[in-house]
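Peer 1: Requesting a structural model of the entry that follows:
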Amino acid sequence: MKKIFIVIALALVAFVCIGLFKAQKIQKLQITKTVTINGSKGEVLEMIQYLRNFPKWSPFLAQDPSQKVRIEGVDGTIGAQYHWVGNGGEDVGYQEIVKIDTTGMVGMKCFIEKPFAAQPTFEYTISENNAGVTVTQDFKLESSLSDAFFMWAFGAVKDMENTNQQGLDLLKKAVEKL
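Peer 2: Predicted structure coming up:
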């Protein structure tokens, strides 16, 4: 019986050590995704810049259609905010426009209150090319070591990558419907 406890303890220590090692690598997380859209640069910029359009391409609203949203401030300008409450009050936060470059960039900062506190940033860069309009989403999140450990343990990074790609795919669909 003592050997079983020793084996379990060693396995637990190994799991924690591996987890902390992996967590250090994702404390400063950056996820970059791109999508090419058949539309104009102006249409894409407007779809991203004006928060009233976000429900058309929000992966979070697609995942939780009962989510309640509201916009505060002057939509489409620095300081405008998109607030949400979803999953029966378990997801709460807002995103705020912090940068706009009308030549093709919109920056946003999120303030997530629930289910965990976090302040990721999103920067959308829009460029025209022969294939159409390419949108590059640069997502950044800094976390404590303990938060990063839990993100690693529960596979949250892969979920974030999938959600970010889902948002860009929905953006493409929304613009191409215009």
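Peer 1: Check what pLDDT residue 15 gets.
Peer 2: Per-residue confidence (pLDDT) for residue 15: 69.
Peer 1: And what about residue 78, helix, strand or coil?
Peer 2: Residue 78 falls in the coil class when you classify it by DSSP: H, G, I helix; E, B strand; the rest coil.
Peer 1: what does residue 3 give?
Peer 2: Under three-state DSSP, residue 3 falls in the helix class.
Peer 1: contacting residues for it?
Peer 2: With contact set as Cβ atoms under 8 Å, 6 or more residues apart in numbering, residue 3 has no partners. In this view, the C-beta of every residue, glycine as well, is placed from N, C-alpha and C.
Peer 1: same check, this time on the one 5 residues further on
Peer 2: Residues counted as contacts of residue 8 (Cβ under 8 Å, 6+ apart): none.
Peer 1: can you pull out the helices in the protein?
Peer 2: Applying DSSP state H to the chain gives helices spanning 2-26, 41-49, 59-63, 145-153, 156-177.
Peer 1: between these, which one is nearest to residue 32?
Peer 2: In terms of Cβ to Cβ, the element of the helices of the chain nearest to residue 32 is helix 156-177, at 8.9 Å.
Peer 1: coming back round to it: so which of the helices of the chain is the most packed in?
Peer 2: Comparing the helices of the chain by mean neighbour count (mean count of other Cβ atoms under 10 Å), helix 41-49 comes out on top with a mean of 20.
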